[in-house]
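[1] Take a look and give me a structure for this.
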Amino acid sequence: MRKRRKKPIKSRPAYAVVVEGKTEFWYLQMLKRNERNLNINIEPKIPQKKTLDEQFKTTKALAEDYTKVFWIVDLDVVLKETKQAKKGTETAIQKLKKYKTEIEEKFDNVILIINNPCLEFWFLLHFEKTTKYFQKCERIEKLLKSKKLLLGYEKTRNFYLKQNNDIYTKLKPFQKEAINNAKATKNFDFKNTKTGISQMDLFFEVKHLKAYFNKV
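    The predicted structure follows:
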């Protein structure tokens, strides 16, 4: 049985987005700053403890009060922790699979978004259609630096939040193409993690956001 919300949903949609890192947080901040006519409250949330368990716990708690909750997971972190797990213990990838199942069975307002290896793969899809597997995010960062609009790309507050030339502003002209390229990546397969994936299209394709972006 899917979980019911304890509080009534307000007329204005409210979205919470649970993220592990600052890059996702900054990107969403810039989306809010640039899309001033978007009549949706989008709140990026970083759990105090950034473990997978804590992210899932935060996601479930937020589901009680928000119209939609998006949980964005960078798979490179999950795979790294899986390799480091002690023999016989539950691995991070096993936990993620378990959490995904629970979300699908119990929550009708929670959407899990997986980026493999990281958010930068979503950025790359703004410029090319690919499912190439990158074991390390640093390799994508090097590719992004070669793109004209992202010359000198770096994971810093100054680069992401630069006034009138922030990360969202740079990528916005290619957003529809990125969404289509993300749709073309395969659904995530826990048995085959060696493929490039971004499910960020699930965020932009949700009802209220899709209606807004189809107008602009």
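
[2] CA atoms for contacts and neighbours, from now on please.
    Noted.

[3] What residues are bridge-paired with the residue nearest the centre of the chain?
    The centroid of the chain falls nearest to Ile72 when counting by CA atoms, centre = their mean (3.5 Å). In this entry, Ile72 is beta-bridged to Ile113, by DSSP bridges.

[4] So it sits against Ile114, correct?
    Yes - counting by CA atoms under 8 Å, Ile114 is a contact partner of Ile72 at 6.0 Å.

[5] any idea how far the lowest-mean-pLDDT helix or strand in the chain is from the chain center?
    Across the helices and strands of the chain, mean pLDDT, DSSP states H and E gives its lowest value to helix 207-215, namely a mean of 89. Its chain's C-alpha centre lies 18 Å from the corresponding centre of helix 207-215 when counted by CA atoms, centre = their mean, to the nearest Å.

[6] Please apply the same query to stretch 75-83.
    Centroid separation for stretch 75-83 versus its chain: 16 Å, with CA atoms, centre = their mean.

[7] Equivalent analysis for stretch 127-144, please.
    Relative to its chain's centre, stretch 127-144 lies at 16 Å (CA atoms, centre = their mean).

[8] Go through it and flag the buried ones.
    Using 16 or more other CA atoms under 10 Å as the test for burial, stretch 127-144 gives 127, 130-131, 134-135, 137, 140-141, 144.

[9] By pLDDT, rank those and give me the bottom one.
    On pLDDT alone, Gln135 ranks lowest of the buried residues of stretch 127-144, at 90.

[10] sec struct for that residue, please.
    With DSSP: H, G, I helix; E, B strand; the rest coil as the basis, Gln135 sits in coil.

[11] can you pull the contacts of the nearest residue to it once chain neighbours are set aside?
    In this structure, Gln135 finds its nearest non-sequential neighbour in Pro117, 6.7 Å apart by CA to CA, 6 or more residues apart in numbering. Contact analysis of Pro117 by CA atoms under 8 Å, 6 or more residues apart in numbering lists 74-76, 133-137, 196-197.

[12] now those as TSV including distance to Phe203?
    Formatted as TSV, the contacts of Pro117 follow (distance: CA to CA, whole Å):
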residue	distance to Phe203
Asp74	15
Leu75	17
Asp76	20
Tyr133	22
Phe134	23
Gln135	24
Lys136	24
Cys137	21
Gly196	18
Ile197	14
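
[13] about what we covered before: just flag the most distant two among the buried residues of stretch 127-144.
    Phe127 and Gln135 (19.7 Å; CA to CA).

[14] for the helix ranked longest in the chain, packing partners?
    Longest helix of the chain, by residue count under DSSP state H: helix 92-106. Secondary-structure packing of helix 92-106 (3 or more CA pairs under 8 Å, 6 or more residues apart in numbering; DSSP states H and E): helix 52-62, helix 75-84, strand 110-116.

[15] now, of the ones you listed, which is deepest in the fold?
    strand 110-116 (a mean of 22; mean count of other CA atoms under 10 Å).

[16] Look at Glu81 and report its pLDDT.
    Confidence score, pLDDT, at Glu81: 89.

[17] how near is it to Ile40?
    35 Å (CA to CA, to the nearest Å).
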